[in-house]
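Participant: any chance you could fold what I've pasted below:
(2 chains)
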Amino acid sequence: MEKITRFFLPAILFGAGCLFAQPQQQPYDLLLQGGHVIDAKNNLDAVRDVAIRDGKIAAVAQRIDPAQAFKVVNVNGLYVTPGLIDIHVHVYAGTGEPRSYAGDNSLYPDGYTFRVGVTTVADAGCAGWRNFEDFKQRIIDRSKTRILAFINIVGNGMRGAKFEDDLSDMQAKPTAEMALKHKGLIIGVKTAHYSGPEWTPVEQAVEAGTIANIPVMVDFGANKKERPMSELVTKKLRPGDIYTHCYSGLRDEQVDGHVNPAMFEARKRGVIFDVGHGGGSFAWRIAVPALKEGFPPDSISTDIHTGSMNSGMKDMANLMSKFLVMGQSLKDVVAESTWHPAREIKREDLGNLSLGAIADVTVLRVERGDFGYTDMYGARLKGNQRIVAELTLKDGKVVYDLNGITRPDWTTLPPGYRQSGDARWDAITPGRGGRGQTTKQ
Amino acid sequence: MRLSIALALGCALSAQAQTYDVLLKGGHVIDPKNGIDRVMDVAITGGKIARVAAGINSSEAKKTVDVAGLYVTPGLIDIHAHIYLWKEAGGEGTQADSHSFRSGVTTMVDAGSSGAKTFPDFRDRIIKHSKTRILAFLNIVGAGMGTGHEDDPAEMDAQAAAKTAKDNPDIIVGFKTAHYAGPGWESVEGAVRAGDLTGLPVMVDFGRINATRNINALFLDKLRPGDIFTHCFSGHREELLSSGKMNPAMEAGRKRGIIFDIGHGAGSFYWYVAVPAYAEHFYPDSISTDLHINSMNAGMKDMANIMSKLMSLGSSLQDVVRMSTSNPAKEIRRPQLGNLDVGADADVAVLRLDRGNFGFVDSAGAKKSGNQLLVCELTLRAGRVVWDLNGRASQDWKTFPYQKETWKK
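Facilitator: Sure thing, here's the model as predicted:
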């Protein structure tokens, strides 16, 4: 009740001074009614109404009076979760550099996020301290998706072997300085693809992470006797550092058909294990036994790039479905795609539906049927569930709506209608009206 | 030991008899150009369609994919997309490969994102590196779309456009005029002139209309038969009169041979136009997306979604496949595309028709319900699997020969 008054009172005061008070009378901009809420941070796994105001979560309760909301959306039978967070993507597109993750291997993010329920992505080291500012102005500042970044320990970023194997360009200090300059945006340090026998890339990344107080994410590159994965995760990494591509099987994650014991030991130390599926980092023969032996991922991430987008990986919802059909509960899969990654990247303002949290919200449907999922080799696992994103909200506004569950039927609108949304809840068609014979599509 | 030798021998022997690389078995083939609309098998060899017939034996193929219960069509052709990503930041283009294969599209035609001045960059940086087959309408505006020059008649050099088209006959299929605010006919006339110089069609986004610059004059005086009016259900240009009836100019234009294309986009498809048009039996000739960063996540979504929308209006599956394959191929004068002729490039889409309660949203965010949804299960480009939603071309992981290279690579 207290909370309601807090929102209600200013609304009344504002409404009194407003000629067209009607829309202002409801304290909530948007109410998601009757959905099954899964919010790992708040240990919530039950049917709840979720109300949003000014882009923030305003109330989560068993019943919220629909009269208090400007827009009510019935999400009965669907799952309401925090906006999904994908902490391993490659989105430094558009530079024109071929065969480079700071170029043609990267995707423009918005085509792959909202339609699968993702509202936040973390670029996994496409840019280093030398080109991060370009990445920021070119992509981060222009995208609708919330984009965070792991900065590559290589100053030139992920531009191919010539750059990524150059030890002289791996400097903790300028990397940490750039990270500190963009605190909250640069949420970690990445090392990847190193083919040499030295520990230098990992050591420099950890040093940068220590200076900037952010975690390190490791793609451990070539499998070298001189620097075994077991030593990396049990000795070199700090608690909170992230080992990605954990089910690739390319670096002794599986020994004699079992999970490498070093991984259990590392998990006890607090090292994080992340999926990072990609085009070549996820095999059923590794993942299925690992889950059976009690080694689920801490976080699910796509490693999406032009080489993985059309392969067995496809997108975040497909990847979550894979863990569902391997036997994980929806509650676990959602936690691994929301609150866990948020915590890993120390952005605890995201990935949850606490009161006052940023209202990035995803509404998922779990379909039943005969589905198939393929791994990096093209091997298939059959399953009878698939996760589909029905509705995605970013900062409290609709950015994707698969079946128009937020939309009015066209026959209820006046002839020649030009809009049906409102800027209070809609970011797709908030104000397209009145353009008449316009020139732009 | 002896067993493995026998197995190896058996494999070698059977390989001899395998005429085809891939066999799509048991699907319902819809190939409008060839009048095929029934269950048939499709065999592919060397990236080309080798045979379409009932009862092709699996033993004749190295790889058989069971597509029973699904629809096998020519790879879809989207003749209105924006896939030119600028070198500098900004612009509204999208990445072709990110949107094409997952909705069954194998050919995308860029609708005037580039002009004569920028086409070489488009070709060099984008077209050359895309897996999707990319063709282009060249903008009559030399600087291309969205560059602040679309209202400048000095930029509309028909000679330069025609020369670029003649220099790139493998890619350029016509000319585009778009977004012109008028008041005159400069952009349409420039595009048609370039079309006359090359024998290629023109696609028109008609921009702003006025008392004299209207679709009646456009269809009856300015355009030639075979020219394409895109955004045909936008209602922005009096396609629908205030009486709720279609503008007679639409039917008159169709009689003259003008082509009507959807070009859905973010602001060019409204139920209140499309429903009356269908009621008057005015159907589009071709379906296209007008894919760009502002349409991709709105009501448009993708090619399969628009096809489903038109089915909710009453088009049959056969109709929407024709509007997305053989019709657009004819419109852009690429008769080798959009069909499953023996010898054609094996661009193939395998579609699933879901039944249920679906909602489809127009450019104003208004919803229409429907009970059929097309989903792309499998896409082949030049005979190779480039999209496989449910791993139908794969084998179970428990029996998978993990140490070997996969056949897909």
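Participant: contact partners for residue B:198?
Facilitator: B:162, B:165, B:166 (C-beta atoms under 8 Å, 6 or more residues apart in numbering or on different chains). Just so you know, the C-beta spots here come from the backbone N, C-alpha and C atoms, and that holds for glycine as well.
Participant: same thing but 6 Å
Facilitator: By C-beta atoms under 6 Å, 6 or more residues apart in numbering or on different chains, the contact set of residue B:198 is B:162, B:165.
Participant: got the CA coordinates for stretch A:76-91 in PDB?
Facilitator: Once non-C-alpha atoms are left out, stretch A:76-91 reads as follows in PDB (Å, rounded to 0.1, in the frame of the first residue of the first chain):
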ATOM      1  CA  ASN A  76      -1.500 -15.800 -18.900                       C
ATOM      2  CA  GLY A  77       0.200 -19.100 -19.800                       C
ATOM      3  CA  LEU A  78       3.500 -17.400 -20.500                       C
ATOM      4  CA  TYR A  79       6.600 -17.000 -18.500                       C
ATOM      5  CA  VAL A  80       7.700 -13.500 -17.400                       C
ATOM      6  CA  THR A  81      11.500 -13.200 -16.800                       C
ATOM      7  CA  PRO A  82      14.000 -10.400 -16.500                       C
ATOM      8  CA  GLY A  83      15.400  -9.400 -19.900                       C
ATOM      9  CA  LEU A  84      17.900 -12.000 -21.000                       C
ATOM     10  CA  ILE A  85      21.600 -11.200 -20.700                       C
ATOM     11  CA  ASP A  86      24.000 -12.700 -23.200                       C
ATOM     12  CA  ILE A  87      27.500 -12.100 -22.000                       C
ATOM     13  CA  HIS A  88      29.400 -13.500 -25.000                       C
ATOM     14  CA  VAL A  89      28.600 -11.800 -28.300                       C
ATOM     15  CA  HIS A  90      30.600 -10.300 -31.200                       C
ATOM     16  CA  VAL A  91      29.000  -7.000 -32.400                       C
END
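Participant: what residues does the stretch 201-350 of chain A put near chain B?
Facilitator: Contacts of the stretch 201-350 of chain A with chain B, taken as C-beta under 6 Å from any C-beta of the partner chain, map to A:284, A:285, A:310.
Participant: filter those down to just the ones in helices.
Facilitator: Judged by DSSP state H, these include A:284, A:285 as members of helices.
Participant: what's the distance between the residue nearest the centre of chain B and chain A?
Facilitator: Residue closest to the average C-alpha location in chain B (C-alpha atoms, centre = their mean): residue B:78, at 1.5 Å. Distance from residue B:78 to chain A, counting by C-beta to the nearest C-beta, to the nearest Å: 15 Å.
Participant: can you check residue B:142 too?
Facilitator: 19 Å.
Participant: one more: residue B:341?
Facilitator: Relative to chain A, and taking C-beta to the nearest C-beta, residue B:341 is found at 26 Å.
Participant: which ones are touching the residue nearest to that residue when sequence neighbours are not counted?
Facilitator: Closest residue to residue B:341 apart from its sequence neighbours, by C-beta to C-beta, 6 or more residues apart in numbering or on different chains: residue B:49 at 6.4 Å. Neighbour list for residue B:49: B:340, B:342, B:344, B:346 [criterion: C-beta under 6 Å, 6+ apart].
Participant: and those, which of them are buried?
Facilitator: Applying 16 or more other C-beta atoms under 10 Å in any protein chain shown to those, the neighbour count classes B:340, B:344, B:346 as buried.
Participant: which one of those sits closest to residue A:101?
Facilitator: In terms of C-beta to C-beta, no member of these lies closer to residue A:101 than residue B:346, at 31.4 Å.
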